[in-house]
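Participant: 3D, please:
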Amino acid sequence: MPARYLMVAAELRRRCARMRREGETKLPGEMALCEETGCSRQTVRRALDLLAQEGLIVRMRGSGTYLAGGEPVRRGRVAVVLPSADTYLYPQLLRDAEAIFREAGCTVEICVTDNLVAKERAVLTRLLADPPAGILIEGAKSALPSVNLDLFEQLERLGVPLVWLHAPLPAPAGAPCFQDDNEGGARILVRHLRAQGHERIAAVFKSDDRQGHERYLGFASAMLREGLAIDEAHILWYDTADRESLLAGQGEWLLRFAQRLAPCTAVVCYNDEIAYPLIRFLLRAGRRVPEDAAVVSFDNSHLCTLSPVPVTSLAHERHQMGTSAARMLLRMMRGKPGVGARLAWTLRIRRSG
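Facilitator: Predicted coordinates:
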């Protein structure tokens, strides 16, 4: 005679088939099933575990047990945590994600960290006190070891699904990440410049975000593969504080770099926020772009066409990151596993190089 939990599982399979035909999605709770079957809670739980392993049902903590594919989104508040909500690429990313969440009936709480670890900790502490249904987040200072892993681990223990943007952390374990193919993008830019005859290529990268390190690695590996020398005197690193000073009109550090680029005929920029002022500084120094110095970049933002010399820059498919990440978070909020993606770049060639 088969074990009792196997008999209960067989009955539940028949029940699931009937529910699917009748358009029902939610199974009774464990105690109700115990009363119906006359079995212990342990027996019912083993039967449900078996059906979950078979992919017939999905068990959602605090919500119940549903037919696979019929489980609801955990409606409620979704937190979107970003370094900024109103500068550069973030407004579009935020609009794309918000559209997906609101279509699913979720409200959106926007949290801004200014890429500061202390602000990120304050945001996470507040979210732990009132956990949202899901979190979409770009971590602060992602190139540095995170001092906030303990809070991310607490969110994991609470069962709050989380999707990373641009760079993942070790916790929550297995949380998906939607990120750029930064190494591949830098290789595209170096090969593009090399094909135009450039050999002495400078670069600017951001030091406190992981994207900067990945773009540097792609740049350096492509230079070596092309047989070109890497001149570290012409590789500039900057951080978030430098970025803020540049946006405030105090970009002397970038101006000084532009003034000492005479030996180089091309520059790979971390993003358009750097390429735009760098081109202006080069022109101020009497260097023609691209005749004396070609400038190429990442992100294909509005700054490319605002520049006095339109910028050659790498682009993603429009709306790709915010939309894809938001849809994946909704999938996880339905109790399904999450999978990240590395987004490929396409080169948009303009006059700068």
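Participant: longest single helix anywhere in the protein?
Facilitator: helix 4-22 (DSSP state H).
Participant: in the next helix or strand after that one, what's buried?
Facilitator: Downstream of helix 4-22, the first helix or strand assigned by DSSP states H and E is helix 30-37. Neighbour-count burial for helix 30-37, with 16 or more other Cβ atoms under 10 Å as criterion, is recorded at 33-34, 37. Yep, even glycine has a C-beta here, placed from its N, CA and C like the rest.
Participant: who's in contact with helix 30-37?
Facilitator: 8, 11-12, 27-28, 39-41, 43-45, 48 (Cβ atoms under 8 Å, 6 or more residues apart in numbering).
Participant: Return the distance of the longest helix of the chain from the chain's centre.
Facilitator: 40 Å (Cα atoms, centre = their mean, to the nearest Å).
Participant: who does it touch, helix- and strand-wise?
Facilitator: helix 30-37, helix 41-53, strand 64-67 (3 or more Cβ pairs under 8 Å, 6 or more residues apart in numbering; DSSP states H and E).
Participant: can you tell which of these is closest to residue 127?
Facilitator: Nearest to residue 127 among the helices and strands packed on helix 4-22 is strand 64-67; the distance by Cβ to Cβ comes to 23.9 Å.
Participant: The closest one - contacts with which helices or strands?
Facilitator: Here strand 64-67 touches helix 4-22, strand 57-60, going by 3+ Cβ pairs under 8 Å, 6+ apart.
Participant: what's the most buried one of the ones you listed?
Facilitator: Ranked by mean neighbour count, those are led by strand 57-60 with a mean of 19 (mean count of other Cβ atoms under 10 Å).
Participant: mind exporting that one as CSV, just the C-alpha atoms?
Facilitator: The C-alpha trace of strand 57-60 is given here as CSV (Å, rounded to 0.1, in the frame of the first residue of the first chain):
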residue,chain,number,x,y,z
ILE,A,57,1.4,24.3,-7.5
VAL,A,58,3.2,27.4,-6.1
ARG,A,59,3.3,28.0,-2.4
MET,A,60,3.5,31.7,-1.4
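Participant: That strand - which strands sit beside it in the sheet, and in what orientation?
Facilitator: Strand pairing for strand 57-60, using DSSP bridges, gives strand 64-67 (antiparallel).
Participant: Show the average pLDDT along the strand it pairs with.
Facilitator: What strand 64-67 shows for mean pLDDT is 81.
Participant: following it, which helix or strand comes up?
Facilitator: strand 77-82.
Participant: rewinding a little: narrow the contacts of helix 30-37 to those that are buried.
Facilitator: The neighbour count (16+ other Cβ under 10 Å) marks 8, 12, 27, 39, 43-45, 48 as buried among those.
Participant: Mind picking the lowest-pLDDT entry from these?
Facilitator: Comparing the buried ones among the contacts of helix 30-37 by pLDDT, residue 27 comes last, at 87.
Participant: That one: what's it in contact with?
Facilitator: Counting by Cβ under 8 Å, 6+ apart, residue 27 makes contact with 12, 15-16, 19, 33, 57, 64-67.
Participant: quick one, strands of the protein?
Facilitator: For the chain, strands defined by DSSP state E occupy the ranges 57-60, 64-67, 77-82, 107-112, 134-137, 162-165, 177-180, 201-206, 235-238, 266-269, 294-298, 312-315, 341-343, 346-348.
Participant: Walking through the stretch 201-350 of the chain, point out its helices one by one.
Facilitator: Assigned helices in the stretch 201-350 of the chain, in chain order: 210-225, 240-247, 252-259, 272-284, 303-306, 320-333 (criterion: DSSP state H, counting those that start in this stretch).
Participant: Turn those helices into TSV, including mean neighbour count, mean pLDDT and distance to residue 89.
Facilitator: Listed next are the helices of the stretch 201-350 of the chain as TSV, based on neighbours: other Cβ atoms under 10 Å; pLDDT from 0 to 100; distance: least, Cβ to Cβ, whole Å:
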stretch	mean neighbour count	mean pLDDT	distance to residue 89
helix 210-225	20	98	12
helix 240-247	16	94	13
helix 252-259	16	95	19
helix 272-284	22	97	9
helix 303-306	16	96	10
helix 320-333	22	92	9
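Participant: how about these, which one is nearest residue 352?
Facilitator: Residue 352 sits nearest to helix 272-284 of all the helices of the stretch 201-350 of the chain, at 6.4 Å, using Cβ to Cβ.
Participant: How far does that closest one sit from its chain's centre?
Facilitator: For helix 272-284, the distance from its own C-alpha centre to the chain's C-alpha centre is 27 Å (Cα atoms, centre = their mean).
Participant: Compute the inter-axis angle for that helix and helix 240-247.
Facilitator: With axes from the mean of the first three to the mean of the last three Cα atoms, to 10 degrees defining the directions, helix 272-284 sits at 50 degrees from helix 240-247.
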